[in-house]
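**Student:** Quick one: sequence and predicted model below, then my questions.
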Amino acid sequence: MKNINVLLVEDNEGDIRLIKEAFNERRIKKEFSIARDGEEALDFLYRREAFSGAGRPDIILLDINLPKKNGFEILEIIKNDPELKRIPVIIVSSSASEEHISRSYELMANSYITKPSDFDEYLEIVKTIEDFWFNKAQLPVNQ
């Protein structure tokens, strides 16, 4: 199996660490790229500036509450771009607001996950993501 390229768009260092540790507990080969705000995420996706050599992610884990451009803005840009819209986007947010969940799906998020409160719950969520997105679902080929 090829390496899975994951773009994590998250500004909270604690959440970045927990998500990466949870993924590292699993056996799937993956490479992580981190964008810490909305503009950096777009620079990565459009291969601008420091990210000119970046590859396309196979999947994006996107927080909603981000500096510069929020997750809804990023999601809308991704899903309206013919070259990016095929990339699955999973919203991973601390918000369990029905408004946020509905808006995410209206903007074509592939799924919405509320951030867990402890590491064991992160492990369970990562296991579910990997089992479905990396083992069962067929991801589009990167360009």
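**Tutor:** Thanks, I have it. Residues are numbered from 1 along each chain as shown.

**Student:** Need the three-state assignment for the residue nearest the centre of the chain.
**Tutor:** The centroid of the chain falls nearest to L61 when counting by C-alpha atoms, centre = their mean (1.2 Å). Applying DSSP: H, G, I helix; E, B strand; the rest coil to L61 yields a three-state assignment of strand.

**Student:** what about it, distance to E49?
**Tutor:** 22 Å (C-beta to C-beta, to the nearest Å). In this view, the C-beta of every residue, glycine as well, is placed from N, C-alpha and C.

**Student:** Quick one: low-confidence residue ranges for this structure.
**Tutor:** Low-confidence regions of the chain, defined by pLDDT under 70, span residues 1-2, 28, 142-143.

**Student:** Okay, strands next: where are they in it?
**Tutor:** Taking DSSP state E, the strands of the chain run over residues 4-9, 30-35, 59-62, 89-93, 111-114.

**Student:** Wait, the residue nearest to the centre of the chain touches N5, no?
**Tutor:** No - using C-beta atoms under 8 Å, L61 is not in contact with N5, being 11.6 Å away.

**Student:** count of neighbours near the closest residue to S93 other than its chain neighbours?
**Tutor:** With sequence-adjacent residues excluded and distances taken as C-beta to C-beta, 6 or more residues apart in numbering, S93 is closest to I64, at 4.4 Å. The number of residues packed near I64 is 22, by other C-beta atoms under 10 Å.
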